[in-house]
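1. sequence first, then the predicted structure:
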Amino acid sequence: MTPLAPHLTAFLRQRLAVERGASQHTCDSYAYAFQLLLEFASARLRTTPSMLQLEQLDAPLVLAFLEHLERERANSASSRNARLAAIRSFMRFIEYRVPSALEQVRRILAIPAKKTDSRLVAYLTRDEMQALLDAPDPSTRYGVRDRAMLHLAFAAGLRVSELVGMRSEDLVFQPYAVVLVRGKGRRERTLPIWKETSTTLRAWLAVRGETAAPELFLNARGQAMTRAGFSYLLRKHVACAVAKCPSLDAKRVSPHVLRHSCAMNILQATHDLRKVALWLGHARIQTSEIYTRADPTEKLDVLGAMIPPALRRGRFRPPDKLLAALSTAATQAHYAKSATAAPTETLGPNGANST
């Protein structure tokens with residue numbers, strides 16, 4: 001039997017962080033996936049997580065874990081596939097460290113990812129976004145901070161990790177206001193920002209104060225704002241904005257919805273998918289095509305260029321009410337007579353029909 005703990009520790013600390021140079025977000029996501037897996041395996045096998053053996057982590061256990069995620073934890077297929085991706089990566093790591101587990105590894109790698117629904121992206125209209133940006137109270141310190149965060153998240157189309165990880169040194173106001181964004185996959189990009197967004201950021205820097213934390217946005221303890229902290233602030237301000245814009249009550253507004261709203265705003269203003277990809281930091285322009293499916297204005301030129309088929313002339317004339325009533329009554333009487341007049345067949349002593 002091969003202890004699981006040493007290999008898992010080497011995978012998370014050496015393989016991901018050093019050899020592959022994975023981001024902290026990726027390392028945290030993989031670590032959380034294995035936390036869920038080990039909790040499930042220890043409960044199923046009735047042992048402590050530190051005593052689990054590599055041979056116990058077989059394909060049936062992984063399949064049961066994935067089913068547990070969807071049924072009991074109510075995770076989506078995308079979340080299920082993300083956990084499976086972490087397990088697959090670990091198994092490819094084990095393939096070279098423990099050659100004797102090759103057959104076990106191949107069975108787990110053969111587990112397919114589940115197909116996911118391709119839904120339209122959710123985004124906020126201009127009026128809904130304006131109501132949300134007006135929700136924070138600019139007369140308080142935290143209101144100034146929240147207003148700056150919301151403005152910057154929407155104006156730059158930031159991922160929540162990009163927003164909370166931004167540093168004060170990433171802002172440049174001269175000769176014009178730009179922000180340096182450290183994006184996904186270690187891809188950096190610089191974006192100009194609106195004058196209004198620059199004003200909100202200057203107001204926050206004026207009240208932020210000197211702290212040891214390099215991050216731009218701080219929480220109530222003077223530490224870097226977390227993803228969960230911004231999600232909480234967003235939900236609070238959405239609840240306040242509902243009074244001004246009731247349509248927000250029917251939408252589930254997450255931090256990524258602000259990014260989608262920015263992308264739709266750019267697409268509707270420029271009609272250029274390449275600019276959307278550059279602004280959002282997409283590695284491929286195909287990734288930005290999801291916004292063309294959600295924007296009906298992008299298809300209006302196609303509708304105008306097409307020649308619709310001609311309609312046959314005619315006008316519907318409803319039947320006379322009296323004739324329709326008589327026709328219905330006659331039909332009902334016919335079926336009633338047929339049901340009562342049906343002969344009943346009886347058989348005689350020799351099996352012959354006696355009717």
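-> Looks like it came in fine.

2. where do the helices of the stretch 1-150 of the chain begin and end?
-> Assigned by DSSP state H, counting those that start in this stretch, the stretch 1-150 of the chain shows helices spanning 5-10, 24-45, 59-71, 77-97, 102-109, 126-133, 141-156.

3. tell me which of the ones you listed sits most buried.
-> By mean neighbour count, with neighbours taken as mean count of other C-beta atoms under 10 Å, helix 141-156 ranks first of the helices of the stretch 1-150 of the chain at a mean of 22. C-betas here are computed from N, CA, C, even on glycine.

4. using CSV, list the CA coordinates for the next helix or strand after that one.
-> For helix 141-156, the following helix or strand on the C-terminal side (DSSP states H and E) is helix 160-164. What follows is helix 160-164, C-alpha atoms only, in CSV (Å, rounded to 0.1, in the frame of the first residue of the first chain):
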residue,chain,number,x,y,z
VAL,A,160,-12.9,39.5,-9.2
SER,A,161,-9.4,38.1,-8.7
GLU,A,162,-8.0,40.9,-10.8
LEU,A,163,-10.0,43.5,-8.8
VAL,A,164,-9.0,42.3,-5.3
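
5. helix 160-164: what's the following helix or strand?
-> strand 171-172.

6. quick check: mean pLDDT of stretch 217-228?
-> The pLDDT scores in stretch 217-228 average 91.

7. quick check: buried residues in that stretch?
-> 217-219, 224-225, 227 (16 or more other C-beta atoms under 10 Å).

8. other residues contacting it?
-> Here stretch 217-228 makes contact (C-beta atoms under 8 Å, 6 or more residues apart in numbering) with 142, 145, 148-149, 160-161, 163-166, 204, 208, 211, 213, 215, 229-230, 255.

9. same thing but at 6 Å, please
-> Contacting residues not belonging to stretch 217-228 are listed as 149, 160, 164, 211, 213, 215, 229 [C-beta atoms under 6 Å, 6 or more residues apart in numbering].

10. in a markdown table: those residues, plus distance to residue 315.
-> Formatted as a markdown table, the contacts of stretch 217-228 follow (distance: C-beta to C-beta, whole Å):
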| residue | distance to residue 315 |
| --- | --- |
| 149 | 59 |
| 160 | 57 |
| 164 | 63 |
| 211 | 76 |
| 213 | 73 |
| 215 | 69 |
| 229 | 63 |
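
11. where is pLDDT lowest across those residues?
-> residue 211 (85).

12. quick check: the gap between the most centrally placed residue in the chain and residue 161.
-> Centroid-nearest residue in the chain, with C-alpha atoms, centre = their mean: residue 256, separated by 7.5 Å. Per C-beta to C-beta, to the nearest Å, residue 256 is found 11 Å from residue 161.

13. now swap in residue 81 and tell me
-> Distance, residue 81 to residue 161, by C-beta to C-beta: 20 Å.

14. over to residue 331?
-> Counting by C-beta to C-beta - residue 331 and residue 161 are separated by 69 Å.
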